[in-house]
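Student: Sequence first, predicted model second:
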Amino acid sequence: MTSEQGDRSPMTTESATTAFTHTHALPEGDVANESRQDSALNLASYAVSEANSRGRQFVEAPPQGRSEFQRDRDRIIHSGAFRRLEYKTQVFVNHEGDLFRTRLTHSIEVAQIARSIARRLHLNEDLVEAISLAHDLGHTPFGHAGQDALNGCMKEYGGFEHNLQSVRVVDVLERRYATFDGLNLCFETREGMLKHCSPDKAALLGELGERFLTNRRPSLEGQIANLADEIAYNNHDVDDGLRSGLITLEQLSDVPLVAEHLQAVQEAHPNLTGRRVVHETVRRMINTLVSDLIAQSASNIAAQRLVTLEDVRNAPALIAFSPALIARQRELKKFLHIHLYRHYRVVRMSAKAQRIIGELFGAFMADGRLLPTPFQPDVSQSEAGRARGVADYIAGMTDRYAIREHQRLFAVEEG
């Protein structure tokens, strides 16, 4: 077993499903004190709080000196899966440069943006932070190319989706505590991590999947984390794309959302050059998006006359950009798909990544003895259970570990 893989062991799909279905309210405490804390934090009545939380799957003593959602955040930060995000791809493979975003730096940036939004809307910052830091824990190596490859490999066994895998990591695969598997996070943290889910998968998740079957919404905190993720990756992909040289400011000047802020920077600082122009442009773009999201969301919330968290769940999605900014965001996404994500250098690396993932999966399914001992399947496991265990192992790899593991299996000179 390697330090990059941690101390996880395989678990069947059936046992993972069982772990999803039991939620217990937080232990009874001083509710009046909790209400005073919420008031001190200036939380809205419809925000998630310890008083209205659905609690944890396994009952624990209350934390001392921190909130329940701060405990969730701390457990996420100390998990092996979180540390491995440092060496997982955002767009550029980890070894291509030290300054490109990784899943770890992306998650931290999402958390910063999300906390700022939550504070302005009087929502639970600690919960938003926990969701943001955990949302990519289940991502494969090699970014979306790795996910697509692993999903293809798992097509006959229920597929693979990184949102579901992130929840599986915190519910089952992390092995740190004496009395339960996973991290035993609060329901609202786990709910916020699960951005989308098909009805057939939702039916297996018990209370966690219920909203996908009954057309209800997650908390506003979960909605914030989702759109903070979008703000972060669009704007930081612009930054990384420019740093890599795969796209240029001249090309981006045709994209209205970028052109507006680039022009403002050039007018305010006519002698500014190089990376400072890029940074000033990107930071202004982020500020525009965050400010628009706060204003539109506040308007949406006011229109619904929300009082309780249940009102949030029964309302339409309320955290949103204005229609005008949605259109400008769409233009930026289109540009990035054409000029960055489909650039031949990115496509070449994606093709290599998909081949590595596919060949690793095929080899491990053909002969489970090739897996490290803690990950080898039990003789009683079904083929679907074995496949899920292999997917867990591969999804937990970093970019460089996957490359090395492929070399160890397929390069004659490796052992």
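Tutor: Thanks, I have it.
Student: Report the contact partners of the residue nearest in space to the middle of the chain.
Tutor: Central residue of the chain (Cα atoms, centre = their mean): H135, 2.3 Å from the mean position. By Cβ atoms under 8 Å, 6 or more residues apart in numbering, the residues touching H135 are S107, V110, N163, S166, G192, M193, K195, A225, D229. Every C-beta, even on glycine, is put in place using the N, C-alpha and C of the backbone.
Student: Looking at those residues, state which has the most neighbours.
Tutor: For those, the largest number of neighbours (other Cβ atoms under 10 Å) sits with A225, at 32 neighbours.
Student: Okay, and it sits in which element?
Tutor: When secondary structure is defined using DSSP states H and E, the element that contains A225 is helix 220-244.
Student: Give me the residue ranges of this protein where confidence is low.
Tutor: Regions of the chain meeting the criterion pLDDT under 70 cover residues 1-41, 90-99, 414-415.
Student: and the longest helix for it?
Tutor: Using DSSP state H to define each element, the chain has its longest helix at helix 275-304.
Student: what's the angle from that helix to helix 220-244?
Tutor: Relative orientation of helix 275-304 with respect to helix 220-244: 160 degrees, computed using axes from the mean of the first three to the mean of the last three Cα atoms, to 10 degrees.
Student: now helix 275-304: how far from the chain's centre is it?
Tutor: In terms of Cα atoms, centre = their mean, to the nearest Å, the centre of helix 275-304 is set 20 Å apart from its chain centre.
Student: For G209, list the residues it contacts.
Tutor: For G209, the contact set (Cβ under 8 Å, 6+ apart) comprises F20, L194, C197, K201, A202, A203.
Student: do that again at 6 Å, thanks
Tutor: Listed by Cβ atoms under 6 Å, 6 or more residues apart in numbering, the contact set of G209 reads C197, A202.
Student: gap between it and E191?
Tutor: To E191, G209 is 10 Å away according to Cβ to Cβ, to the nearest Å.
Student: List the buried residues for stretch 103-110?
Tutor: R103, L104, T105, H106, S107, I108, E109, V110 (16 or more other Cβ atoms under 10 Å).
Student: Skipping adjacent residues, who's closest to the second one in space?
Tutor: The shortest distance from L104 to any residue other than its chain neighbours is 3.8 Å, reached at L85 (Cβ to Cβ, 6 or more residues apart in numbering).
Student: can you confirm E310 is in a strand?
Tutor: No: using DSSP: H, G, I helix; E, B strand; the rest coil, the secondary structure at E310 is helix, not a strand.
Student: does R54 really touch T189, like I thought?
Tutor: No: under the contact definition of Cβ atoms under 6 Å, R54 does not touch T189, with a separation of 10.6 Å.
Student: how about the nearest residue to R83, chain neighbours excluded?
Tutor: In space, and not counting its chain neighbours, R83 is closest to L104: 7.9 Å by Cβ to Cβ, 6+ apart.
Student: before we move on, what about A320?
Tutor: Nearest in space to A320, with sequence neighbours left out and distances taken as Cβ to Cβ, 6+ apart, is Q296 at 5.5 Å.
Student: what's the neighbour count on the one you found?
Tutor: Residue neighbour count, defined by other Cβ under 10 Å, stands at 19 for Q296.
Student: N300 now?
Tutor: By other Cβ under 10 Å, 17 other residues sit near N300.
Student: so who does L43 touch?
Tutor: Under the criterion of Cβ under 6 Å, 6+ apart, the neighbours of L43 are S49, H122.
Student: Return the distance of it relative to D74.
Tutor: Relative to D74, L43 is positioned 20 Å away (criterion: Cβ to Cβ).
Student: Repeat that for P141.
Tutor: Look at P141 and D74: by Cβ to Cβ, they are 26 Å apart.
Student: Between the two, which has more neighbouring residues?
Tutor: More neighbours surround P141 than the other of P141 and D74, with 31 against 15 (other Cβ under 10 Å).
Student: secondary structure class for that one?
Tutor: When the rule is three-state DSSP, P141 gets the label coil.
Student: G192: helix or strand, and which one exactly?
Tutor: Taking DSSP H and E as the criterion, the element that holds G192 is helix 187-193.
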